[in-house]
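Chemist: Got a sequence here, can you build the structure:
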Amino acid sequence: MPGARHRSPGGGSRSGRSRGGTAPTHARQRGPGTWITPVARILPTARRRGRRGRVGRAAVSGAAVLILGGLTVTGIGFAAASVLHSGSQDTCADGTPRTNLAITAAPSLATPINQLATAFSRAHSGAGACISPTVTSTPSDRALDALTRAGGSEATGPDVWIPESADWLELGQESNTTDQLLPNRATTIAGSPVVIAMPRSMAQVLGWPEHHLTWADLASAATTPGFWATHGKPGWGEFHLAMANPENSAAALRTVIGTVSTERSLAPAAMAAATFDQDRDAQAVVLRLERSVSWLPRYDSQLFTAIRTNSTTGTTDEAATRDGSAGADAAATAVSSDTNPAPVPSAFPALESDVIAYNRALANGVGGATSVSLVASYPTDGVFTATVPYIVLNRTAEQSAKSAAAGAFLDYVRGDAGRRALTAAGLRTPTELDGQDDPRGLAASLSAVDGVRTTPPKLASTDASDTALGTARRFFRHAHQRAAALVAVDTSGSMNQPVSGDAGHRTRLQAANDTLRAALGLFADDNQAELWQFAGVLQDGHRVLAPMARLDAPAGGNGDDEGGDGGDADRTHRDDLLASSAALRPSGVTNLYATIVAAVRDRTERYVAGRRNEVIVLTDGDRTEADQPPTDGDRTDRRRTLAANEPTLDQAISSIRSAIDPHRPVQLIIIASEPTADMTSLQRLADAADGHAYRAPDAAGLFGLYVDTLTQTND
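Modeler: Alright, predicted model coming up:
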């Protein structure tokens with residue numbers, strides 16, 4: 001079964017397309033970049049293979065929190081602009097025009113960049129060329145989104161963009177829309193490895209500092225029941241893996257790359273768009289990772305807050321709530337709430353620099369009595385570094401005064417003042433990132449309190465391409481979608497017939513139940529599902545066996561004899577669905593088309609915002625009532641009777657189209673348990689609701705069906 005392809009934001013993938021333009025003269029590449037502890041890039045066994053000379057190494061972290069001396073800079077969505085000059089807004093002291101330089105920096109970089117901009121502005125406020133930098137703190141995902149919305153506009157956006165990881169530049173270059181705004185390359189000003197952060201006491205039980213968790217260890221621990229009990233700490237409960245959403249975090253995105261790399265024995269440099277678009281094994285790895293995460297907040301900063309407060313309540317993205325940017329996907333995102341708090345993380349991916357900033361703030365009294373220090377593990381099966389790029393936008397480079405101002409500030413940032421400010425923020429210098437000693441680098445200022453290595457691990461020479469990063473990010477987004485699914489099981493008489501060519505001699509209803517059991521096994525516990533039985537002998541043609549509820553909700557809520565009795569505390573709604581379906585018996589005429597129309601209408605009317613609303617129909621596709629196969633001499637029974645209200649195919653398609661609401665999209669999936677089913681007619685029905693019809697899928701085919709359903713949903 002072919003895999004579904006993803007669409008690149010802003011007009012599709014730019015892979016294979018030649019780029020015009022060159023980098024501004026001041027954007028010199030000084031080498032592969034610097035290594036830093038907080039923001040990291042993931043390099044299992046290769047260094048960046050980019051098609052052109054980009055930033056030395058890409059970074060990985062969302063909008064991380066930077067806590068220095070009690071100052072917390074989250075920058076989640078707000079514009080903390082500081083105009084750092086005096087006198088007239090438009091002229092210098094000698095009356096010559098002032099050059100304003102708009103800089104957008106990641107929140108974890110806002111404090112040092114703001115400090116540097118202040119000092120630089122004062123040094124350039126006299127006669128001659130005066131430059132006034134304005135620093136705005138914006139999470140990198142939002143900065144990229146803003147560039148995407150701006151498209152080819154020359155009048156919007158910053159002059160200089162400094163995200164915490166060069167991965168954001170890569171992601172921007174993958175899109176046709178933002179690609180025209182961004183340069184081919186950028187200068188690395190600092191960097192930070194991607195690490196696995198853990199409370200110090202937990203890490204020490206696992207052998208830290210001698211032993212460092214790997215990506216493989218992380219995935220295994222998160223899925224091992226009673227993990228801490230096996231390590232002599234039963235009171236710690238389960239191993240809770242948390243991470244920020246890879247949609248918003250470079251560190252989390254690198255976790256996806258690293259986990260796939262180690263489980264598929266595939267170097268990041270060998271990954272391509274097809275790795276996440278078509279490779280079912282790689283897609284299965286991503287799904288398992290997503291399912292193993294106990295908490296998936298939006299940003300890295302929320303993870304550090306949870307550790308500092310020993311609670312995941314009150315850690316929601318308040319800025320996103322205020323400006324409405326959280327969007328409809330908020331309902332499907334596992335954000336902790338006061339009524340249903342997620343467990344405090346045992347481990348989470350982060351930038352080394354953020355671990356340093358957290359620990360230093362803790363040492364300076366920021367935190368409470370329950371706060372614990374963190375340490376960093378450097379996974380040997382996938383070493384990534386988030387290099388911090390100084391990105392001069394193309395329109396800036398084309399304006400001589402702006403270009404000169406951007407170049408002058410870059411030189412200042414790369415000088416002694418910049419080195420001091422960035423290392424104080426926990427970042428490694430480009431020299432350190434290249435594996436060389438730097439007496440004035442971060443290593444010279446590190447202590448045991450920081451919880452990190454003095455020398456970061458050595459990076460390999462090549463890395464994942466921009467298309468691999470982009471498709472990995474999108475596929476995780478798809479994997480994290482949650483459904484509100486209405487499952488309708490056909491129990492008309494023909495479902496009692498044997499499946500053609502089935503080695504197990506199953507009836508069609510038994511095959512449908514096997515499909516239902518396997519399909520529910522692919523659904524995460526927080527998906528919602530409802531179960532219908534349909535046949536012409538039923539009043540209204542169908543009945544609800546189990547109402548819509550989360551799969552992990554307590555059993556017994558359907559009020560129907562076929563469901564659970566609610567007496568078993570361990571039984572769940574998932575158990576109710578399976579028990580109810582297993583108790584069904586085929587009988588009577590068919591009303592397949594009428595039921596499909598009714599189900600689509602029902603899901604549209606009771607649409608659940610923030611979820612993937614779908615109707616899944618399990619049928620044999622046979623519109624007859626015969627309980628037994630007809631004899632060769634009598635085929636009239638098989639054509640004799642349909643339910644009285646059964647529409648024709650064309651009527652059903654017309655009714656489905658009339659029920660569809662583009663603002664409340666519902667996807668129709670029809671799975672035929674009989675190989676000889678009329679797939680042409682079933683596919684026409686599915687097409688009317690932007691869906692697909694499938695013929696008797698085996699286990700591999702069912703997984704492909706599930707993934708295709710995820711990826712065919714509009715973003």
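Chemist: Who are the packing partners of the longest strand seen in the chain?
Modeler: Of all segments of type strand in the chain, defined using DSSP state E, the longest is strand 187-199. With contacts taken as 3 or more Cβ pairs under 8 Å, 6 or more residues apart in numbering; DSSP states H and E, strand 187-199 sits against helix 250-264, strand 348-351, helix 352-363, strand 374-377, strand 383-392, helix 400-413, helix 416-424, helix 430-433. Quick note: C-beta positions are derived from backbone N, CA and C, even for glycine.
Chemist: Out of the ones you listed, which one sits most buried?
Modeler: Most buried of the helices and strands packed on strand 187-199, by mean neighbour count (mean count of other Cβ atoms under 10 Å): strand 348-351, with a mean of 35.
Chemist: picking that back up, mind checking which of the helices and strands packed on strand 187-199 is nearest Ala519?
Modeler: Nearest to Ala519, of all those, is helix 250-264, at 23.4 Å by Cβ to Cβ.
Chemist: returning to what we had before: so which of the helices and strands packed on strand 187-199 is nearest His240?
Modeler: With Cβ to Cβ, the closest approach to His240 among the helices and strands packed on strand 187-199 belongs to strand 348-351: 9.1 Å.
Chemist: Just the C-alphas of that closest one, formatted as PDB.
Modeler: Only the C-alpha atoms of strand 348-351 are listed here, as PDB (Å, rounded to 0.1, in the frame of the first residue of the first chain):
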ATOM      1  CA  PHE A 348      13.100  14.900  28.700                       C
ATOM      2  CA  PRO A 349      15.200  16.100  25.800                       C
ATOM      3  CA  ALA A 350      16.600  19.600  26.200                       C
ATOM      4  CA  LEU A 351      19.400  21.900  25.100                       C
END
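Chemist: just how off-centre is it within its chain?
Modeler: When distances are taken as Cα atoms, centre = their mean, to the nearest Å, strand 348-351 is centred 15 Å away from the chain's centroid.
Chemist: by contact count, what packs against that strand?
Modeler: strand 187-199, helix 250-264, helix 300-309.
Chemist: about what we covered before: tabulate the helices and strands packed on strand 187-199 (JSON lines), appending mean pLDDT.
Modeler: Formatted as JSON lines, the helices and strands packed on strand 187-199 follow (pLDDT from 0 to 100):
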{"stretch": "helix 250-264", "mean pLDDT": "96"}
{"stretch": "strand 348-351", "mean pLDDT": "98"}
{"stretch": "helix 352-363", "mean pLDDT": "96"}
{"stretch": "strand 374-377", "mean pLDDT": "97"}
{"stretch": "strand 383-392", "mean pLDDT": "94"}
{"stretch": "helix 400-413", "mean pLDDT": "95"}
{"stretch": "helix 416-424", "mean pLDDT": "97"}
{"stretch": "helix 430-433", "mean pLDDT": "92"}
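Chemist: coming back round to it: I'd like the mean pLDDT over the longest strand of the chain, please.
Modeler: Average pLDDT, strand 187-199: 97.
Chemist: could you check the angle helix 250-264 makes with that strand?
Modeler: Put simply, strand 187-199 runs at 70 degrees to helix 250-264, going by axes from the mean of the first three to the mean of the last three Cα atoms, to 10 degrees.
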